[in-house]
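[1] return atomic coordinates for the entry below.
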Amino acid sequence: MNWRSFCLVFIVSIGSIWGQQYPRLPQLIEAGDLQEARSLVQRELAGAPGHPELLYWQAVVELESGRTDQALAILGPLEREGRALPPHLLLLGRVHESREQWPEAARIYRQVVGQGRFPRARFGLGLAEFQQRNYDAAIAALEPLASGQSAAEVSHLLGLSHFGKGELPEAARLLG
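    From the prediction side, this is the model:
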């Protein structure tokens, strides 16, 4: 599975936290029918403006369409106003990742990690710290995940972080 596919699966699975009031949306997004998904979200938002799940899916559609400015315009105000729920924050972190805004991605992921949930936030934090060459912070974020589901991806990023620190034996063990 490539990184883009992994992210899409993650994004769609996080959307299920709300109980799937709109089960057709993830199906449309996974099928790549973003125009139909956008139309459905717009119709639903007309009757329920500001609905948290709809705003999430609206931002997903924009991100998947490559329109990161629009996704940020949807999620940014929720975060600034303190109305963002963990799925919004995780998606916002992903938007910053896609824009290579690593300090912002790290800041967002730290908020979610601070709530003690969502291993994806830890991985995102580790990635953002690694991209900023904050290898100690990347290692600290990733080590709790080393034996989890995504152990291969975590070990790889951990290995690269140790390599960045010049800890070659540990890097070789994790990357080998």
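[2] pLDDT weak spots in this structure?
    Low-confidence segments of the chain, defined by pLDDT under 70: 1-20, 149.
[3] can you give me the helices in it?
    3-15, 24-30, 34-47, 52-64, 68-80, 86-98, 102-114, 119-131, 135-142, 151-165, 168-175 (DSSP state H).
[4] in CSV: those, plus mean neighbour count.
    Where C-beta positions appear, they are placed from N, C-alpha and C, glycine not excepted. CSV is the format used below for those (neighbours: other CB atoms under 10 Å):
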stretch, mean neighbour count
helix 3-15, 15
helix 24-30, 18
helix 34-47, 15
helix 52-64, 24
helix 68-80, 17
helix 86-98, 23
helix 102-114, 20
helix 119-131, 22
helix 135-142, 20
helix 151-165, 18
helix 168-175, 14
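[5] just give the closest residue to residue 108, not the sequence neighbours.
    Leaving aside its sequence neighbours, residue 108 sits nearest to residue 93 (CB to CB, 6 or more residues apart in numbering; 4.1 Å).
[6] give the contact list for the one you found.
    105, 108-109, 112, 121, 124, 128 (CB atoms under 8 Å, 6 or more residues apart in numbering).
[7] hmm, try it at 6 Å
    105, 108-109, 124 (CB atoms under 6 Å, 6 or more residues apart in numbering).
[8] out of these, which comes closest to residue 51?
    Here the nearest of these to residue 51, counting by CB to CB, is residue 108; it sits at 21.5 Å.
[9] quick one: the residue nearest to residue 91 when sequence neighbours are not counted and residue 127, what's the gap?
    Excluding its sequence neighbours, the residue lying closest to residue 91 (CB to CB, 6+ apart) is residue 59, at 5.6 Å. Using CB to CB, to the nearest Å, we find residue 59 at a distance of 20 Å from residue 127.
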